[in-house]
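Engineer: my questions are about this predicted structure, shown below with the sequence.
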Amino acid sequence: MAVAEIRKGTSPVILAFPHTGTEIAPAILDRLNERGRELADTDWHVERLYDGLLPQATTVRATFHRYVIDANRDPAGGSLYPGQNTTGLVPLTDFDGLPIWRPGEEPTAADTTWRLETFFAPYHAALAAEIERVKALHGIAVVYDCHSIRSRIPFLFTGRLPDFNVGTNDGRTCAPELERAVVGVAAAAAGYDHVLNGRFKGGWTTRHYGQPGAGVHAVQMELAQATHLRAEAAPFAYDEDRAGRLRVHLRAILERLEAIAVQIQSRKQEGSVP
């Protein structure tokens with residue numbers, strides 16, 4: 001199977017989808033326990049949620065499930081949130097802290113090495129290639145990393161997660177005006193709440209690729225699944241009405257990012273910014 005689905009566009013904005021894939025090779029699937037086979041921690045329907053919102057955006061989507069290997073974790077295995085509960089590069093538990101592998105079938109170090117080479121590396125090679133292509137077109141690229149998660153997961157965080165969770169690693173991964181644009185749209189969205197660099201500050205994708213000084217900016221958007229699913233439980237069905245209301249604001253975010261990226265590059269060419 002192809003580890004990444006790519007749609008090439010001409011916009012400076014790139015949409016990355018590391019967690020919407022559900023494909024698992026039979027040999028790996030057989031090792032998951034009943035709970036693991038539910039694939040509950042998928043970013044359900046996020047690719048559908050964003051489809052068509054910015055027609056010329058490039059999209060790069062991982063087809064494999066995060067239980068195979070998590071494309072948004074440090075490949076060296078380091079924690080993105082030291083001291084907090086999280087899941088690893090090859091998860092051993094789900095978001096509730098419960099085992100997902102059959103006893104004795106947990107992934108080994110050799111499994112991790114193979115999965116890095118077979119899944120993780122090709123996905124990121126595809127994403128990196130699209131970043132370079134888009135940057136060559138525009139002199140700038142904006143990676144918008146698309147995610148969703150249940151709004152209540154006591155193992156990972158207390159209380160209810162806001163609807164829009166914007167992550168820029170405390171402002172390090174993008175120009176300030178890009179961060180302000182995303183937060184501005186989220187803050188003005190009636191009936192929704194938001195947070196900037198709260199529980200989710202941006203995963204490995206955002207932190208690795210977000211290098212504003214090199215012309216690559218990155219923002220992670222973690223959406224509460226209550227904003228676009230009928231229920232945050234199996235079968236995790238898409239809610240057309242909820243999604244429709246949300247898509248208005250997501251479209252505005254992407255259009256603002258695109259417009260500001262063009263402005264940033266224009267100022268750079270005029271010599272008004274470094």
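Structural biologist: It's in. Numbering: from 1, shown residues only.
Engineer: make it CA atoms for all contacts and neighbour counts henceforth
Structural biologist: OK.
Engineer: tally up the residues packed near residue 148, please.
Structural biologist: When neighbours are counted by other Cα atoms under 10 Å, residue 148 registers 24.
Engineer: that one belongs to a strand?
Structural biologist: Yes: counting by DSSP: H, G, I helix; E, B strand; the rest coil, residue 148 is part of a strand.
Engineer: can you pull out the strands in the protein?
Structural biologist: 4-7, 13-17, 58-62, 141-149, 164-167, 194-196, 216-224 (DSSP state E).
Engineer: adjacent strands (with direction) for the third one?
Structural biologist: Strand pairing for strand 58-62, using DSSP bridges, gives strand 4-7 (antiparallel), strand 13-17 (parallel).
Engineer: what's the closest of these to residue 38?
Structural biologist: strand 13-17 (19.7 Å; Cα to Cα).
Engineer: can you name the residues bridging to residue 16?
Structural biologist: Beta-bridge partners, per DSSP bridges, of residue 16: residue 60, residue 145.
Engineer: sorry, back to before: hey, which of the strands paired with strand 58-62 is tucked in deepest?
Structural biologist: Most buried of those, by mean neighbour count (mean count of other Cα atoms under 10 Å): strand 13-17, with a mean of 25.
Engineer: and the strands of the chain as TSV, adding mean pLDDT and distance to residue 115?
Structural biologist: Formatted as TSV, the strands of the chain follow (pLDDT from 0 to 100; distance: least, Cα to Cα, whole Å):
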stretch	mean pLDDT	distance to residue 115
strand 4-7	98	14
strand 13-17	98	18
strand 58-62	98	13
strand 141-149	98	22
strand 164-167	98	27
strand 194-196	98	32
strand 216-224	98	24
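Engineer: redo those as a markdown table? Include distance to residue 251.
Structural biologist: Formatted as a markdown table, these follow (distance: least, Cα to Cα, whole Å):
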| stretch | distance to residue 251 |
| --- | --- |
| strand 4-7 | 18 |
| strand 13-17 | 12 |
| strand 58-62 | 15 |
| strand 141-149 | 12 |
| strand 164-167 | 14 |
| strand 194-196 | 16 |
| strand 216-224 | 13 |
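Engineer: can you tell which of those is closest to residue 75?
Structural biologist: strand 58-62 (15.5 Å).
Engineer: could you find the closest non-adjacent residue to residue 106?
Structural biologist: residue 92 (7.0 Å; Cα to Cα, 6 or more residues apart in numbering).
Engineer: contacts only, for the one you found.
Structural biologist: 99-101, 106-107 (Cα atoms under 8 Å, 6 or more residues apart in numbering).
Engineer: as TSV, the residues you listed with neighbour count, pLDDT and distance to residue 154 would be great.
Structural biologist: Output for the contacts of residue 92, formatted as TSV (neighbours: other Cα atoms under 10 Å; pLDDT from 0 to 100; distance: Cα to Cα, whole Å):
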residue	neighbour count	pLDDT	distance to residue 154
99	18	98	16
100	22	98	18
101	24	98	21
106	16	98	24
107	17	98	25
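Engineer: from these, which land in helices?
Structural biologist: Using DSSP state H, no member of the contacts of residue 92 falls in helices.
Engineer: among those, which one lies nearest to residue 259?
Structural biologist: Using Cα to Cα, residue 100 is the member of these that lies nearest residue 259, at 43.0 Å.
Engineer: ok, the closest one - contacts?
Structural biologist: 32-37, 92-94.
Engineer: what does residue 35 give?
Structural biologist: Applying Cα under 8 Å, 6+ apart, the residues near residue 35 are 99-100.
Engineer: and the closest residue to residue 19 other than its chain neighbours, how far from residue 260?
Structural biologist: Excluding the flanking residues, the one nearest residue 19 by Cα to Cα, 6+ apart is residue 43, at 5.4 Å. Distance, residue 43 to residue 260, by Cα to Cα, to the nearest Å: 28 Å.
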